[in-house]
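> I need the structure of the sequence given here:
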Amino acid sequence: MEKKNLELAIQLRHELHQHPELSNHEAWTKKHLIDFLKTYTKLEIVDKGQWFYAIYHAGEDKKNIAYRADFDALPMPEVIDIPHASKIPGVSHKCGHDGHSASLAGFALEIDQKGADKNIYFLFQHAEETGDGAAQCASFIEENNIEEIFAYHNMSGMAYNSINVIDGTAHCASKGMTIQMAGAPAHASQPEDGVNPAFAIAKVIDAIPELISPENNEGIVLCTVVQVNIGERAFGMSASKGELLLTIRALHEYELHTLQKNLVELSKAQAEEYGLKVSFTYNDTFPETVNDKESSDKIRKAAKEKGFNLVEMKEAFRGSEDYGHYTKLTKGAMCYIGNGEDYPPLHTYEYDFRDDIIETAVELFKGLAEL
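Alright, predicted model coming up:
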């Protein structure tokens, strides 16, 4: 990677880090990235509102290959002392999306200056953390006849500067599920006069271990109790309303759907038994992210040709990633560049993206563009 381009990419990363924005509110971030590309490249910019992409045109008869980076931040305060610290109270880039976008922008500089024999699409995506960004951007795949899409995520706990890859499922599917139950209030001395949801909710919770048991599922299936909220702090009243908040997760998306169906049916049965009304809401829905083996093999080949340390992952991440919306529509794969085994984990206060892996990402992307 050209030294000047690397310096510009690192400077861009620091500027993005100083101005973090939460999912679906990334107005400054998007504009700054567009201004950067307009200043330093001749690429075509396609503004889609909350997100955008840039295009390097090689010719109508050439393949259409895409690379994606996310650019939203987290609702976490910056507590570490760094020169480029967040200027926005309570918001910071503690997942490294500033680095992902700076890497993709650096790659765009290289392609713009040196050319490629493919049409390269540089997709800059909003709202990864909430799971709805890629769902909104997925139309990009069919509209541009994208034949393959690549991305990387920085990852702590992996060897520094290593390229980590896996075939098949790379990230579990997940969603937030809220079960609401409503009965009727009564005086605490006469609970039989009301309808209390506590026992129905308790039975749903009690059934979770069997529903997620390895004996009953092919892959990892998890159901995490996030919050239980029943009644109010009033000792003279019998509870009449309750909520059970769960995060459901599975290696295979069909088993996530099965778990959700079982929880719904169980809740409805308990509601009927106790005379309750029951309803369900969902949020933070993430698909499974599945790597196409042909695409993963290209990452392997590019990593080896660039002399990087290639590591085969033994299992998928339990954490979710909305990138799976793209790989439902076309070939593609996501890989992971290691921050170091002992580097602070993502989503922690001590974390900051490592500038020195930008060049690794750009060189890997260049290698993929040459295949």
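
> wait, residue 20 sits on residue 92?
Yes. Residue 20 is within contact range of residue 92, at 5.3 Å (criterion: Cβ atoms under 8 Å). Every residue, glycine included, has its C-beta placed from N, CA and C.

> overlap of the contact sets of those two?
Jointly contacting residue 20 and residue 92 under the rule Cβ atoms under 8 Å, 6 or more residues apart in numbering are 73-74, 86.

> closest one of those to residue 236?
Distance to residue 236, by Cβ to Cβ, is smallest for residue 74 among these, at 41.6 Å.

> among the shared contacts of residue 20 and residue 92, who's most crowded?
Neighbour counts for the shared contacts of residue 20 and residue 92 (other Cβ atoms under 10 Å) peak at residue 73, which has 26 neighbours.

> tell me the phi and psi of it?
phi -110, psi -170 (degrees, to the nearest 10).

> gap between it and residue 350?
16 Å (Cβ to Cβ, to the nearest Å).

> and residue 223, what pLDDT?
Here, the pLDDT recorded for residue 223 equals 98.

> please report the distance of it from residue 129.
Distance, residue 223 to residue 129, using Cβ to Cβ: 21 Å.

> in the stretch 51-200 of the chain, what residue spans correspond to strands?
52-56, 64-70, 119-125, 148-156, 163-165, 168-171, 173-182, 186-187 (DSSP state E, counting those that start in this stretch).

> can you count the residues close to the nearest residue to residue 211 once chain neighbours are set aside?
In this structure, residue 211 finds its nearest non-sequential neighbour in residue 262, 5.4 Å apart by Cβ to Cβ, 6 or more residues apart in numbering. Other residues lying near residue 262 total 18 when counted by other Cβ under 10 Å.

> just the pLDDT for residue 262.
98.

> you'd agree it is up against residue 210?
No. Look at residue 262 against residue 210 with Cβ under 8 Å: they stay out of range, at 9.6 Å.

> how about low-confidence regions in the stretch 201-350 of the chain?
For the stretch 201-350 of the chain, no stretch is flagged by pLDDT under 70.

> for it, which segments count as strands?
Using DSSP E, counting those that start in this stretch, strands in the stretch 201-350 of the chain cover 221-230, 237-238, 241-250, 277-286, 289-291, 310-312, 331-340.

> out of those strands, the one nearest residue 108 is which?
strand 331-340 (17.9 Å).

> how far off strand 64-70 does the closest one point, in degrees?
40 degrees (axes from the mean of the first three to the mean of the last three Cα atoms, to 10 degrees).

> now strand 331-340: buried residues?
Judged by neighbour count using 16 or more other Cβ atoms under 10 Å, the buried positions of strand 331-340 are 331-340.

> gap between it and the chain center?
Remark: strand 331-340 is offset 13 Å from the chain centroid, using Cα atoms, centre = their mean, to the nearest Å.

> can you dump the C-alpha atoms of it in PDB for me?
Output of strand 331-340 as PDB, limited to C-alpha atoms (Å, rounded to 0.1, in the frame of the first residue of the first chain):
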ATOM      1  CA  LYS A 331     -21.500 -15.500  -3.200                       C
ATOM      2  CA  GLY A 332     -19.300 -13.900  -0.500                       C
ATOM      3  CA  ALA A 333     -17.400 -14.400   2.700                       C
ATOM      4  CA  MET A 334     -16.200 -12.400   5.700                       C
ATOM      5  CA  CYS A 335     -12.800 -12.900   7.300                       C
ATOM      6  CA  TYR A 336     -11.200 -11.600  10.500                       C
ATOM      7  CA  ILE A 337      -8.000  -9.800  11.000                       C
ATOM      8  CA  GLY A 338      -6.400 -10.400  14.400                       C
ATOM      9  CA  ASN A 339      -5.700  -7.600  16.900                       C
ATOM     10  CA  GLY A 340      -3.600 -10.000  19.000                       C
END
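
> and the helix or strand that it is followed by, average pLDDT?
Using DSSP states H and E, the next helix or strand after strand 331-340 towards the C-terminus is helix 358-370. Regarding helix 358-370, the rounded mean pLDDT is 98.

> what comes into contact with helix 358-370?
With Cβ under 8 Å, 6+ apart, helix 358-370 has contacts from 1, 5-6, 9-10, 13, 65, 67, 99-100, 102-104, 106-107, 110-111, 116, 118, 120, 150, 152, 161, 163, 298-299, 301-303, 305-306, 308, 335, 337.

> got it, and stretch 248-260?
Stretch 248-260 is contacted by residues 169, 172-175, 177, 211-212, 217-224, 263, 287-288, 316, 318, 320 when judged by Cβ under 8 Å, 6+ apart.
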